[in-house]
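*Asks:* my questions are about this predicted structure, shown below with the sequence.
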Amino acid sequence: MHKAAQSDFINIRLIHSLGTESISLPCLQRWGRINRIDNHQSLAYLPVTTLLTDNTQRQTGKQCRLYILLLDTSTNHLIVIIMSSHDVIKIGTCSWKYDSWRGLIYPEKGQINYLQEYSRHYKTVEIDQWFWSLFKGDTAVLPKKEIVREYARSVPDDFTFCIKIPNSLTLTHHYNKNKKVALIPNPHFLSTELMKRFLESIEPLAGHLGPLVFQFEYLNKQKMLSITKFFDHLGSFARQLPEGFDYCVEIRNSNYLNAKYFDFLTGNNLHHVFLQGYYMPSIFDLYEKHTTKIDNLAVIRLHGPDRQGIEKLTGKDWSKIVAPKDHDINKLTEMISKITSRRIQTYLYVNNHFEGSAPRSITRIEKRLL
């Protein structure tokens with residue numbers, strides 16, 4: 001931050017010529033640029049922001065700029081915060097510990113702290129290892145504090161974790177591959193007490209937390225009678241969640257993805273997770289249909305349509321692109337541009353199963369975003 005110079009006022013006039021729009025304090029805090037604004041009583045937020053995305057900038061390859069204006073009422077100095085569009089979007093992978101990424105983002109040889117090395121390349125990652133948490137005997141396993149502390153020590157201050165909430169909270173019943181055997185209810189389904197314990201277990205990551213994702217499996221009529229019942233269960237649970245976190249919902253029921261669903265999320269301070277893959281409808285069409293329902297936060301997860309097929313192609317060597325999806329990447333960059341132009345904080349997580357190598361897919365995506 002700096003005191004406004006003459007050039008800053010030129011930028012301000014340009015902002016006014018392009019239009020103005022207010023932005024909420026939680027969004028500013030989420031970007032991590034003025035986390036202590038509430039401690040500075042003399043700072044007044046001016047509702048003037050914009051993304052500069054004119055054709056000249058695109059042609060020259062320059063990053064878009066976001067200008068945030070604050071007024072120090074004690075000195076009458078205007079403070080101008082200039083942010084790159086890359087501060088509005090964070091891109092990372094689904095998990096990080098893959099030996100086949102050596103030579104891509106990890107050293108070829110030697111012992112390493114995988115997460116520490118990863119954080120030199122990306123500013124966010126998805127933790128999915130705590131998702132698998134429901135076992136026989138109704139045992140719910142939560143993250144170990146020593147592991148959580150190790151993760152916190154391994155990353156820089158501006159690093160963000162996306163965490164998949166333990167499935168002991170999101171499964172209505174225990175997994176059951178034998179269709180002839182009766183389903184066993186999960187006593188922890190959307191348990192506020194277990195959720196409280198989970199949040200306590202990840203306290204060492206305070207300051208690094210991004211989206212907390214509730215991932216629900218496909219819910220047939222045996223597991224969830226209707227979308228109304230789903231709303232009843234999740235709504236009651238959501239209203240008891242503590243504030244200060246970004247709670248997100250990923251569903252595998254394509255028939256749930258309608259206007260009522262998005263209105264339900266908005267009314268309960270929840271955010272939709274756009275999942276590309278797993279037989280779900282195109283996220284690009286879905287975004288276009290429900291654009292106005294997406295605000296404050298967008299989470300995108302890229303998975304391939306055929307998990308087993310791509311594992312056969314790669315032999316689980318995740319160092320090469322084996323199933324390029326140029327069309328999807330082109331549509332993705334269009335979608336991201338539209339979202340970030342609305343100043344919506346966006347997280348993109350790429351799975352190895354999308355094209356065969358998440359780091360290489362990210363490189364392809366970033367080139368198109370320039």
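*Replies:* Sure thing, it's come through. Numbering: from 1, shown residues only.
*Asks:* quick one, helices of the stretch 251-370 of the chain?
*Replies:* Remark: helices assigned in the stretch 251-370 of the chain by DSSP state H, counting those that start in this stretch are 259-267, 283-289, 307-314, 326-340, 352-355, 358-369.
*Asks:* average model confidence for the shortest one?
*Replies:* Averaging the model's pLDDT scores along helix 352-355 yields 98.
*Asks:* buried residues in that helix?
*Replies:* Asn352, His353, Phe354, Glu355 (16 or more other CB atoms under 10 Å). For glycine as for every other residue, the C-beta is placed from the backbone atoms N, C-alpha and C.
*Asks:* circling back to that earlier point, including distance to Glu217, could the helices of the stretch 251-370 of the chain go into JSON lines?
*Replies:* What follows is the helices of the stretch 251-370 of the chain, written out as JSON lines (distance: least, CB to CB, whole Å):
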{"stretch": "helix 259-267", "distance to Glu217": "16"}
{"stretch": "helix 283-289", "distance to Glu217": "19"}
{"stretch": "helix 307-314", "distance to Glu217": "15"}
{"stretch": "helix 326-340", "distance to Glu217": "24"}
{"stretch": "helix 352-355", "distance to Glu217": "17"}
{"stretch": "helix 358-369", "distance to Glu217": "23"}
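*Asks:* out of these, which is the most enclosed?
*Replies:* Among those, helix 352-355 has the highest mean neighbour count (mean count of other CB atoms under 10 Å), at a mean of 26.
*Asks:* so which of the helices of the stretch 251-370 of the chain comes closest to Lys179?
*Replies:* The minimum distance between Lys179 and those falls on helix 307-314, with 20.0 Å, by CB to CB.
*Asks:* name the residues that touch that closest one?
*Replies:* Gly304, Lys320, Val322, Ala323, Asn352, His353, Gly356 (CB atoms under 8 Å, 6 or more residues apart in numbering).
*Asks:* mind showing which ranges of the stretch 201-350 of the chain have poor pLDDT?
*Replies:* Judged by pLDDT under 70, the stretch 201-350 of the chain has no weakly predicted residues.
*Asks:* same deal with the stretch 1-150 of the chain?
*Replies:* 1-87.
*Asks:* buried subset of the contacts of helix 307-314?
*Replies:* The buried subset of the contacts of helix 307-314 - by 16+ other CB under 10 Å - is Gly304, Val322, Asn352, His353, Gly356.
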